[in-house]
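[1] test case, fold it:
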Amino acid sequence: MLAQIEEAVTMIMLELGVPVHLKGYQYVRTGIVWCVLDMERISSVTKLLYPELAKKYFTTPQKVERAIRNAVEVSWQRGNEELFESLFGYSRKDENGRPTNSEYIGGVADYIQLTLREKGILK
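    Next up is the predicted model:
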(Lines give C-alpha, C1' and ligand atoms only; values in the text may rest on other atoms or scores of the structure.)
Protein backbone atom coordinates (compact mmCIF):
# COMPACT_ATOMS: atom_id res chain seq x y z
CA MET A 1 0.00 0.00 0.00
CA LEU A 2 2.79 2.47 0.89
CA ALA A 3 4.47 1.87 -2.47
CA GLN A 4 1.20 2.62 -4.26
CA ILE A 5 0.75 5.85 -2.30
CA GLU A 6 4.33 6.92 -3.05
CA GLU A 7 3.85 6.13 -6.74
CA ALA A 8 0.62 8.15 -6.90
CA VAL A 9 2.30 11.09 -5.13
CA THR A 10 5.30 10.99 -7.46
CA MET A 11 3.11 10.92 -10.57
CA ILE A 12 0.97 13.87 -9.52
CA MET A 13 4.00 15.90 -8.42
CA LEU A 14 5.51 15.44 -11.87
CA GLU A 15 2.24 16.62 -13.43
CA LEU A 16 2.23 19.59 -11.08
CA GLY A 17 5.70 20.52 -12.31
CA VAL A 18 7.72 20.11 -9.11
CA PRO A 19 11.36 19.72 -10.20
CA VAL A 20 12.96 16.65 -8.63
CA HIS A 21 16.26 18.46 -8.01
CA LEU A 22 14.73 20.86 -5.47
CA LYS A 23 15.15 20.04 -1.78
CA GLY A 24 11.50 20.89 -1.33
CA TYR A 25 10.53 18.06 -3.68
CA GLN A 26 11.45 15.41 -1.11
CA TYR A 27 9.84 17.37 1.73
CA VAL A 28 6.59 17.86 -0.20
CA ARG A 29 6.56 14.25 -1.38
CA THR A 30 7.10 12.85 2.11
CA GLY A 31 4.64 15.32 3.63
CA ILE A 32 1.92 14.33 1.16
CA VAL A 33 2.51 10.60 1.79
CA TRP A 34 2.29 11.16 5.55
CA CYS A 35 -0.89 13.21 5.15
CA VAL A 36 -2.50 10.55 2.95
CA LEU A 37 -1.87 8.11 5.80
CA ASP A 38 -2.99 10.59 8.51
CA MET A 39 -4.87 13.74 7.44
CA GLU A 40 -4.61 15.15 11.00
CA ARG A 41 -1.07 16.25 10.15
CA ILE A 42 -2.35 18.83 7.66
CA SER A 43 -4.25 20.67 10.39
CA SER A 44 -1.00 21.29 12.26
CA VAL A 45 1.60 21.94 9.59
CA THR A 46 3.89 24.24 11.55
CA LYS A 47 3.66 22.39 14.87
CA LEU A 48 3.64 18.81 13.60
CA LEU A 49 4.49 18.30 9.93
CA TYR A 50 7.47 20.67 9.51
CA PRO A 51 9.22 19.46 12.69
CA GLU A 52 8.69 15.81 11.69
CA LEU A 53 10.08 16.46 8.21
CA ALA A 54 13.00 18.42 9.68
CA LYS A 55 13.83 15.53 11.99
CA LYS A 56 13.67 12.99 9.14
CA TYR A 57 15.89 15.08 6.84
CA PHE A 58 18.26 16.43 9.54
CA THR A 59 17.41 20.11 9.06
CA THR A 60 15.28 22.79 10.72
CA PRO A 61 11.52 23.33 10.44
CA GLN A 62 12.22 26.81 9.02
CA LYS A 63 14.33 25.38 6.20
CA VAL A 64 11.64 22.78 5.48
CA GLU A 65 8.96 25.48 5.25
CA ARG A 66 11.10 27.64 2.96
CA ALA A 67 12.03 24.74 0.67
CA ILE A 68 8.39 23.66 0.40
CA ARG A 69 7.32 27.24 -0.34
CA ASN A 70 9.91 27.42 -3.11
CA ALA A 71 8.80 24.07 -4.57
CA VAL A 72 5.15 25.18 -4.55
CA GLU A 73 6.07 28.48 -6.22
CA VAL A 74 8.05 26.75 -8.99
CA SER A 75 5.27 24.20 -9.41
CA TRP A 76 2.69 26.99 -9.66
CA GLN A 77 4.67 28.65 -12.44
CA ARG A 78 5.48 25.47 -14.41
CA GLY A 79 2.74 22.93 -13.66
CA ASN A 80 -0.37 21.69 -15.42
CA GLU A 81 -2.87 24.54 -15.14
CA GLU A 82 -5.97 22.34 -15.50
CA LEU A 83 -4.75 20.05 -12.72
CA PHE A 84 -4.18 23.03 -10.43
CA GLU A 85 -7.70 24.24 -11.13
CA SER A 86 -9.23 20.83 -10.41
CA LEU A 87 -7.21 20.34 -7.20
CA PHE A 88 -7.34 23.83 -5.72
CA GLY A 89 -10.29 25.49 -7.45
CA TYR A 90 -8.28 28.31 -8.99
CA SER A 91 -5.47 28.82 -11.46
CA ARG A 92 -2.73 31.26 -12.43
CA LYS A 93 -5.38 33.35 -14.20
CA ASP A 94 -7.09 34.11 -10.88
CA GLU A 95 -5.95 36.82 -8.51
CA ASN A 96 -5.67 34.44 -5.54
CA GLY A 97 -2.01 33.72 -6.13
CA ARG A 98 -0.51 30.32 -5.53
CA PRO A 99 -1.82 27.89 -2.92
CA THR A 100 -0.23 27.98 0.52
CA ASN A 101 2.03 25.12 1.58
CA SER A 102 -0.75 23.52 3.61
CA GLU A 103 -3.34 24.01 0.83
CA TYR A 104 -0.95 22.40 -1.63
CA ILE A 105 -0.04 19.41 0.53
CA GLY A 106 -3.61 18.96 1.79
CA GLY A 107 -5.18 19.28 -1.66
CA VAL A 108 -2.87 16.73 -3.23
CA ALA A 109 -3.16 14.36 -0.24
CA ASP A 110 -6.96 14.55 -0.35
CA TYR A 111 -7.02 13.91 -4.10
CA ILE A 112 -4.75 10.87 -3.71
CA GLN A 113 -6.81 9.52 -0.82
CA LEU A 114 -10.00 9.76 -2.88
CA THR A 115 -8.35 8.19 -5.93
CA LEU A 116 -6.89 5.28 -3.94
CA ARG A 117 -10.21 4.68 -2.15
CA GLU A 118 -11.97 4.47 -5.51
CA LYS A 119 -9.44 1.83 -6.57
CA GLY A 120 -9.94 -0.07 -3.27
CA ILE A 121 -6.34 0.48 -2.15
CA LEU A 122 -7.27 2.62 0.88
CA LYS A 123 -10.19 2.13 3.23
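[2] report how many residues lie close to Lys47.
    Residues lying near Lys47 (other Cβ atoms under 10 Å) number 11. All C-beta atoms are positioned from the backbone trio N, CA, C, and that covers glycine.
[3] could you check how far it is from Ile5?
    24 Å (Cβ to Cβ, to the nearest Å).
[4] nearest residue to Lys123 in space, ignoring adjacent ones along the chain?
    Leaving aside its sequence neighbours, Lys123 sits nearest to Arg117 (Cβ to Cβ, 6 or more residues apart in numbering; 7.3 Å).
[5] helices and strands around the helix or strand hosting that neighbour, which ones?
    Taking DSSP states H and E as the definition, one finds Arg117 inside helix 101-118. In terms of contacts (3 or more Cβ pairs under 8 Å, 6 or more residues apart in numbering; DSSP states H and E), helix 101-118 is packed against helix 2-15, helix 23-37, helix 61-78, helix 81-88.
[6] how about the next helix or strand after the second one: buried residues?
    It refers to helix 23-37. Note on helix 23-37: by DSSP H and E, the next helix or strand toward the C-terminus is helix 50-56. Using 16 or more other Cβ atoms under 10 Å as the test for burial, helix 50-56 gives Tyr50, Glu52, Leu53, Ala54.
[7] what's stretch 22-37 in contact with?
    Applying Cβ atoms under 8 Å, 6 or more residues apart in numbering, the contact partners of stretch 22-37 are 2, 5-6, 9-10, 13, 18-19, 41-42, 49, 52-53, 56-57, 64, 67-72, 74, 104-106, 108-109, 112-113, 116, 122.
[8] what comes up buried for the least confident helix or strand in the chain by mean pLDDT?
    Lowest mean confidence among the helices and strands of the chain (mean pLDDT, DSSP states H and E): helix 81-88, at a mean of 89. By neighbour count with 16+ other Cβ under 10 Å, helix 81-88 contains the buried residues Leu83, Phe84, Leu87, Phe88.
[9] for stretch 100-119, same thing?
    101-113, 116.
[10] how near is Glu65 to Met13?
    For Glu65, the distance to Met13 (Cβ to Cβ) stands at 18 Å.
[11] alright, that wraps it up for me.
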